[in-house]
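Trainee: prediction below, plus the sequence it came from.
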Amino acid sequence: MVNETKKEFNLNMHTARLLFDEPFFAALSRRINKIATTSIPTAGVRVNPDTAQFEMVYNPEFFEGLEDNHRTGVLKHEFYHLVFEHVTSRKPDGVDHRTWNYATDLAINSHLSSELPETALIPGAGPFESYPSGLSAEAYLLKLQEDEQFQEGKDKGDAGNESTESGAGDDSAGSEQFDSHEGWGESNSTTSEIAKERLKDYIKKSAEEAQQGSGWGSVPAACRRDIMARLATFVDWRSVLRYFVKTSQRAAKRSTVRKINKRFPYVHPGKKVKRQARIAISIDQSGSVSDGMLEAFFSELNKLAKHATFTVVPFDTRVEEALVYEWKKGENHKTERVMCGGTDFDAPTAYVNKNNFDGHIVLTDMMAPKPKASNCQRMWMTTKACAAHPYFKTRERVIAVDIKE
């Protein structure tokens, strides 16, 4: 009889079933890469330093040994780390990594106490029996810093033996952490900036799906308010512009004998990849778009031109192709108006669609009917007042330009 090889547990095949009753987490899950690995004993979320994509890494043997309700709980726990920005930017300055890890887990597990493996850190249970449930990560951080037993155990190295891979500790300082916090805050500034904007976009779209679909599932009302408040906070439009340009890049490949083909070395030529972004900047020339807004926008484009080439598309009710120009990499341009009149967003959209751009940014006061669909990703930039009272509704990203800086 031939022995059958046991198949490795594939989390991707189970996620939809596990999150069937969790519309918000299901929507977020679809946007997160899931990677099986034996390099960690449990699971964790992180930012890939090369792609700025969010990943959930998991040990197949760990997940295979869990019951379904615990599998769901672990998924939700990891996604809460993303929702509450623990992976990207929320860690307070001057706080050691281990204590912050415990604080974030205690905050999240307040909402998941009955859905997690026994190794989870639970407020009100075990070494944290005196800790109330429902506090923020910052509040738990203060309690941990004031907890003599925890600090003594941490100082002796018993709070987890400083294992950055498993996040596991022993009972002298608290229960074990069942997930990994490896890679938090280790990305460079550019990658971190892109990841933060990408995460806001993921959460925004997931929240919209939950609100327009069958609800938020088990997400508590307090967490929903926190999520929506985070989405409503002011976004640095300069960071968004840089993010937009980088995520609009495409790869141009050509064969070259100077590079070795990885699959067929010395048989076929290799490929040389050049990444570039063809971005159209459509500028509304109607008089209601202020000079201050134009100046702020042109100022940032001068900075972005250090990294990419743009095509500037002035428009009002039409696009005058003779006035369209290429803003080449490394050049500076002054603020200028070259047209006047009303506003029709179909005109620049048709121009961009026809010319196969990779990304489309529209600077406008939003005071015109909703345009036709764009073939590439499109983003709108306007003033705070115009963003608050747009003429039309859109699910595309709308960013308010801060013209005071």
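Mentor: Arrived safely, thanks for sending. Numbering: from 1, shown residues only.
Trainee: how many residues are close by the closest residue to residue 357 other than its chain neighbours?
Mentor: Nearest residue to residue 357, sequence neighbours excluded (CB to CB, 6 or more residues apart in numbering): residue 280, at 4.5 Å. C-beta: built from backbone N, CA, C; applies to glycine. Neighbourhood size, residue 280 [other CB atoms under 10 Å]: 24.
Trainee: could you find the closest non-adjacent residue to residue 106?
Mentor: residue 140 (4.3 Å).
Trainee: coming back round to it: for the residue nearest to residue 357, give me its contacts.
Mentor: 310, 311, 313, 348, 351, 352, 355, 357, 359, 360, 361 (CB atoms under 8 Å, 6 or more residues apart in numbering).
Trainee: now the fifth one. Its backbone dihedrals?
Mentor: For residue 351, the backbone dihedrals (degrees, to the nearest 10) come out as phi -60, psi -50.
Trainee: give me the number of residues near it?
Mentor: Counted with other CB under 10 Å, residues neighbouring residue 351 total 20.
Trainee: that one contacts residue 323, correct?
Mentor: No: Residue 351 is beyond contact range of residue 323, at 11.4 Å (criterion: CB atoms under 8 Å).
Trainee: how far out from the middle of the chain is whichever strand or helix holds residue 102?
Mentor: In this assignment (DSSP states H and E), residue 102 forms part of helix 97-109. Relative to its chain's centre, helix 97-109 lies at 21 Å (CA atoms, centre = their mean, to the nearest Å).
Trainee: how is this protein carved up into domains?
Mentor: Listed by automatic domain parsing, the domain ranges of the chain are 11-233, 238-400.
Trainee: out of these, deepest packed?
Mentor: Counting by mean count of other CB atoms under 10 Å, domain 11-233 has the highest mean neighbour count of the domains of the chain, with a mean of 18.
Trainee: centre of the chain to that one, how far?
Mentor: With CA atoms, centre = their mean, you get 15 Å for domain 11-233.
Trainee: average pLDDT for that domain, rounded please.
Mentor: Throughout domain 11-233, pLDDT has a mean value of 81.
Trainee: try stretch 369-383
Mentor: Per-residue scores along stretch 369-383 average to 91.
Trainee: give me the contacts around that stretch.
Mentor: Here stretch 369-383 has contacts from 237, 240-241, 244, 247-248, 290, 293, 297, 344-346, 349-350, 352-353, 356-366, 390-394, 396-401, 403, using CB under 8 Å, 6+ apart.
Trainee: report the distance from it to the chain centre.
Mentor: On CA atoms, centre = their mean, the centre of stretch 369-383 falls 21 Å from the chain's centre.
Trainee: and it, how far apart are its ends?
Mentor: 17 Å (CA to CA, to the nearest Å).
Trainee: tell me the strands beside the host helix or strand of the residue nearest to residue 357, with direction?
Mentor: Secondary structure from DSSP H and E places residue 280 in strand 279-284. If you go by DSSP bridges, strand 279-284 pairs up with strand 310-315 (parallel), strand 359-363 (parallel).
Trainee: pull the CA atoms of that strand into PDB?
Mentor: Taking Å, rounded to 0.1, in the frame of the first residue of the first chain, the C-alpha atoms of strand 279-284 are listed here in PDB:
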ATOM      1  CA  ILE A 279       0.600  59.800 -14.700                       C
ATOM      2  CA  ALA A 280      -1.800  62.300 -16.000                       C
ATOM      3  CA  ILE A 281      -2.400  65.500 -14.000                       C
ATOM      4  CA  SER A 282      -5.700  67.000 -15.000                       C
ATOM      5  CA  ILE A 283      -6.000  70.600 -13.800                       C
ATOM      6  CA  ASP A 284      -9.400  72.200 -13.600                       C
END
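Trainee: now that strand: average pLDDT?
Mentor: Averaged over strand 279-284, pLDDT sits at 91.
Trainee: which is the next helix or strand following it?
Mentor: In N-to-C order, the element after strand 279-284 by DSSP H and E is helix 291-304.
Trainee: restrict that following helix to CA atoms and write it as CSV.
Mentor: The C-alpha trace of helix 291-304 is given here as CSV (Å, rounded to 0.1, in the frame of the first residue of the first chain):
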residue,chain,number,x,y,z
ASP,A,291,-4.6,80.3,-7.0
GLY,A,292,-3.5,79.1,-3.6
MET,A,293,-4.6,75.6,-4.4
LEU,A,294,-2.8,75.6,-7.7
GLU,A,295,0.3,76.9,-6.1
ALA,A,296,0.4,74.3,-3.4
PHE,A,297,-0.2,71.5,-6.0
PHE,A,298,2.4,72.8,-8.4
SER,A,299,4.9,73.0,-5.5
GLU,A,300,4.5,69.3,-4.7
LEU,A,301,4.6,68.3,-8.3
ASN,A,302,8.0,70.0,-8.6
LYS,A,303,9.2,67.6,-5.8
LEU,A,304,7.5,64.6,-7.4
